[in-house]
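*Asks:* Fold the following, please.
(chains A and B)
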There are 2 protein chains.
Amino acid sequence: MIGRPVPPPLNAVQRIKKHATATTALTNSAVPRQVLALGIELEDGPLTKFHIERRFPGARDVVIDLEFCGLCHSDVHAGRGEWGAKELPLVPGHEMVGTVREVGGQVRDLDIGARVGVGCLVDSCRACEACREGLEQFCPNSVGTYGASDPNTGEYTQGGYSQQIVVNRDFVLNIPESLDPASAAPLLCAGITSYSPLRHHNVGPGSKVGVLGLGGLGHMAVKLAAAMGAHVTVFTRSEDKRESALGLGAETVVNSTDTAQLEAAADSLHLLIDTVAVPHELGTYLRTLKRDGALVQLSLPEGPMPGIDAGALIFKRLSYTGSLIGSIAETQEMLDFCAEHSITSDIELVDARSVNEAWDRMVAGDVKYRFVLDLATLGDPAKEDA
Amino acid sequence: MIGRPVPPPLNAVQRIKKHATATTALTNSAVPRQVLALGIELEDGPLTKFHIERRFPGARDVVIDLEFCGLCHSDVHAGRGEWGAKELPLVPGHEMVGTVREVGGQVRDLDIGARVGVGCLVDSCRACEACREGLEQFCPNSVGTYGASDPNTGEYTQGGYSQQIVVNRDFVLNIPESLDPASAAPLLCAGITSYSPLRHHNVGPGSKVGVLGLGGLGHMAVKLAAAMGAHVTVFTRSEDKRESALGLGAETVVNSTDTAQLEAAADSLHLLIDTVAVPHELGTYLRTLKRDGALVQLSLPEGPMPGIDAGALIFKRLSYTGSLIGSIAETQEMLDFCAEHSITSDIELVDARSVNEAWDRMVAGDVKYRFVLDLATLGDPAKEDA
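*Replies:* Presented below is the predicted three-dimensional model:
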């Protein structure tokens, strides 16, 4: 990593790999590799291209040649310091898909060339209550895919806006062959973040699920809830999203600016998936929940939410709750569910030189529904970011 | 009722009652009875004594000679217009205990003289989803014990600060003989309001339950949770409540003004029962919950709660939720549980002429832990309110 000493690897790599093919270059694996990445190098700066180092792979590690990485609103929050100070350089990206280039000697269940994905986490402690329960997203010492202190290197982790990544096998997902790899990339964050609360709240046939916000998360929530058999209601402030919502699988669309439509939706929902990433008033939406309903906040706004009228919760025994991505096991379950139901994200593919513009358009809500970075363009001089 | 026409009764009463004793006066039951009550007659006025009329009992009705009525903070909110405009006169009181004076002809399961109680509800529609599920507290047409439109009379209901009440059998609770009737009165609201969320959230041996606020509700929550086998932690801002909390059954007491004590309580609780009746910051207390924990708001503050940091909910999948008294069946279950575990409210008995002072002391938190009005003093000239 630029400007920092390269620490020695913590684990020994096994040079002879059962699955390694003759074409896999192993000769340089004892030293960290320089790989191209897109990230923030200077405070308040744009995304630019630079080299980062990936660690020498340990026995349980997988070296992945990355093909695609989704652009998540969290990347912007982190990259622009909206969630607090950040370490620089910062390479965002936690929705990545690629192919296995190399595996450590203890990794016996992944073939070279297999298509795999990595989401928001790259490690956890394996010892705490959350880890023991298979809910490593709640591990107090889980390691985020970028911007987190990496126990393997002592450096900060760097994400998927890059050509290659080295990740512990336990945090590598199998991408089913039937899924388009670019469109599958957003499943690793937007997909699992939407899927987990639907499962946690037992959504199935007969469930009435509302979705607030029709962006990267929201459009996945609509597709997944509909595939689970739920009746899906989308709340939107712009009438021109009505057709899109119906096309994604919603059966009801409520224009939130129309009090008559809101009134008609009162007491109609078991669950409301709230994907809006800015502080917003909740009373309007709590009224659409049935008794014992839950409003699940998925996006982390920059500031506190406006105050809640406790009476809205008391008189219908409602819950205002949250959900955090999902476990690795649940992420794999979600990917398999998506394969079974032919679900991927609706995406717009962007090349490396368009990434700053894509961030701005994402903040403006101008994307249907997820940008995915084509990492093949990162090393291509004809398509490079200036 | 003063100044309003008396409507005809909706149901015929059967004059011959299986359980009626020779001493039961039935001769005047065809006309509404005038009974003494304490209530608010004039806007912004104090509680004064006046007569109200109780309806001619119908076939499913029970006429109850009231002995005791708890003073609940809700009475003050309603009586002082803090929850909005009110109809006058208003007789508060929804924690009442008395004895059966007379029953309608279809009431075959209550003996004259039996000790009974009435809580926050006196009727519901019996037809809606909530009623069909036995959760009549959530019936949209449930009838509150005071200040609600009474479908039987067309008048507003009047509560338990009175000598007598007429209530449909379905909303009359059996008070176990082993319970002291005065100390049992607060179980009808404070007791069930605390009991229901403990049951709803499956509190039992091994549960870690926090209680915020040590008043009428809070002290019941401590006793009930401890009796269910939970480890109870009380949060208080005054060090002099420590011994009281331990005496009620708490095993841990956290002084909320001491950051070290709060820090030690972080991530320790499955459930936090919040009985504070004014808007208050929640972040401090959300931090004491374990993953998947819930903070249950029981009291209805006058205004919205301060904004919540959604991250506090997201990162531990916490819920901020509410609970509303309990069903009639659950109230009976609670009373039987209290008899089994010898639980009643800690009370201070007050006579009729002290009721305004008692309200002021309740607002100031100067009571351990519930005032109960001795209704025998209501008709006693020596103890009357001026």
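
*Asks:* helix or strand right after the lowest-mean-pLDDT helix or strand in chain A?
*Replies:* Ranking every helix and strand in chain A by mean pLDDT, DSSP states H and E puts helix A:73-79 at the bottom, with a mean of 91. Scanning forward in sequence from helix A:73-79 by DSSP states H and E, the next helix or strand is strand A:96-103.

*Asks:* What mean pLDDT does the helix or strand just after that next one get?
*Replies:* Using DSSP H and E, the helix or strand that directly follows strand A:96-103 along the chain is strand A:115-118. Strand A:115-118 carries an average pLDDT of 98.

*Asks:* same question, stretch A:362-373
*Replies:* Average pLDDT, stretch A:362-373: 94.

*Asks:* count of neighbours near A:G39?
*Replies:* 24 (other C-beta atoms under 10 Å in any protein chain shown). Quick note: C-beta positions are derived from backbone N, CA and C, even for glycine.

*Asks:* likewise the one 5 residues further on?
*Replies:* Here the neighbour count serves as a burial measure; for A:D44 (other C-beta under 10 Å) it reads 7.

*Asks:* helix, strand or coil for it?
*Replies:* coil (DSSP: H, G, I helix; E, B strand; the rest coil).

*Asks:* how close does the closest residue to A:I273 other than its chain neighbours sit to A:N174?
*Replies:* In space, and not counting its chain neighbours, A:I273 is closest to A:A221: 4.5 Å by C-beta to C-beta, 6 or more residues apart in numbering or on different chains. Applying C-beta to C-beta, to the nearest Å, one obtains 23 Å for the distance of A:A221 from A:N174.

*Asks:* for chain B, what are the nearby residues on chain A?
*Replies:* Proximity of chain A to chain B (C-beta under 8 Å from any C-beta of the partner chain) is limited to residues A:129-130, A:135, A:138, A:200, A:279, A:291, A:294, A:297-301, A:303-324.

*Asks:* what's the pLDDT at A:Y161?
*Replies:* Here the pLDDT value assigned to A:Y161 is 98.

*Asks:* list the helices and strands the least confident helix or strand of chain A packs on?
*Replies:* Counting contacts by 3 or more C-beta pairs under 8 Å, 6 or more residues apart in numbering or on different chains; DSSP states H and E, helix A:73-79 is packed against helix A:355-363.

*Asks:* Distance from the chain centre to the helix it packs on, please.
*Replies:* How far helix A:355-363 lies from its chain's middle: 17 Å, per C-alpha atoms, centre = their mean, to the nearest Å.

*Asks:* thinking the residue nearest to A:I273 is in contact with A:S196, fair?
*Replies:* No. At 10.7 Å, A:A221 and A:S196 do not qualify as touching, with contact defined as C-beta atoms under 8 Å.

*Asks:* out of these two, which sits in the more crowded spot?
*Replies:* A:A221 (36 against 25).

*Asks:* Please give me every residue in contact with that one.
*Replies:* A:A221 sits next to A:S194, A:L198, A:V209, A:V211, A:I273, A:T275 when contact means C-beta atoms under 8 Å, 6 or more residues apart in numbering or on different chains.

*Asks:* switch the cut-off to 6 Å
*Replies:* A:S194, A:V211, A:I273 (C-beta atoms under 6 Å, 6 or more residues apart in numbering or on different chains).

*Asks:* how far away is it from B:C72?
*Replies:* Separation of A:A221 from B:C72 (C-beta to C-beta): 42 Å.

*Asks:* And A:P306, by the same measure?
*Replies:* 29 Å.

*Asks:* ditto for A:V296
*Replies:* To B:C72, A:V296 is 33 Å away according to C-beta to C-beta.

*Asks:* What of A:P92?
*Replies:* Counting by C-beta to C-beta, the gap from A:P92 to B:C72 is 54 Å.

*Asks:* Can I take it that A:P197 is in a helix?
*Replies:* Yes. A:P197: assigned to a helix according to three-state DSSP.

*Asks:* Please work out how many residues are found near it.
*Replies:* Neighbour tally, A:P197, other C-beta under 10 Å: 25.

*Asks:* Same question for A:V276.
*Replies:* Neighbour count for A:V276, taken as other C-beta under 10 Å: 19.

*Asks:* Not counting residues beside it along the chain, what's closest to it?
*Replies:* Nearest non-adjacent residue to A:V276, counting by C-beta to C-beta, 6+ apart: A:G213, 4.4 Å away.

*Asks:* if I pick the spatially closest residue to A:P197 that is not a sequence neighbour, what's in contact with it?
*Replies:* Take A:P197 and drop its neighbours on the chain: the residue closest to it by C-beta to C-beta, 6+ apart is A:S323, 3.9 Å away. Applying C-beta under 6 Å, 6+ apart, we find A:S323 in contact with A:S196, A:P197, A:V296, A:L298, B:R317.

*Asks:* So which of those residues is the closest to A:D123?
*Replies:* A:S196 (19.4 Å; C-beta to C-beta).

*Asks:* residue contacts, that closest one?
*Replies:* A:S196 touches A:S323, A:G326, A:E330, counting by C-beta under 6 Å, 6+ apart.

*Asks:* For those residues, give me CSV that also has pLDDT, distance to B:V35 and secondary structure.
*Replies:* Converted to CSV, these look like this (pLDDT from 0 to 100; distance: C-beta to C-beta, whole Å; DSSP: H, G, I helix; E, B strand; the rest coil):
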residue, pLDDT, distance to B:V35, secondary structure
A:S323, 98, 54, coil
A:G326, 98, 61, coil
A:E330, 98, 62, helix
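
*Asks:* Looking at the residues you listed, which one is closest to A:L66?
*Replies:* So of the contacts of A:S196, ranked by how close each gets to A:L66 (C-beta to C-beta), first place is A:G326, at 21.4 Å.

*Asks:* What distance do you get for the closest residue to that closest one other than its chain neighbours to A:V91?
*Replies:* Nearest residue to A:G326, sequence neighbours excluded (C-beta to C-beta, 6+ apart): A:S196, at 3.5 Å. Distance of A:S196 to A:V91, computed by C-beta to C-beta: 26 Å.

*Asks:* neighbour count winner among A:P92 and B:C72?
*Replies:* Applying other C-beta under 10 Å to A:P92 and B:C72 shows that A:P92 carries more neighbours, namely 30 against 26.

*Asks:* The nearest residue to that one once chain neighbours are set aside - how many residues pack around it?
*Replies:* Excluding its sequence neighbours, the residue lying closest to A:P92 (C-beta to C-beta, 6+ apart) is A:D75, at 3.6 Å. Close neighbours of A:D75, defined as other C-beta under 10 Å, add up to 30.

*Asks:* Okay, buried residues for stretch A:122-129 please.
*Replies:* By neighbour count on 16 or more other C-beta atoms under 10 Å in any protein chain shown, the buried set for stretch A:122-129 is A:V122, A:D123, A:S124, A:C128.

*Asks:* Same question for stretch A:354-364.
*Replies:* So for stretch A:354-364, counting by 16+ other C-beta under 10 Å, buried means A:S354, A:V355, A:A358, A:W359, A:R361, A:M362.
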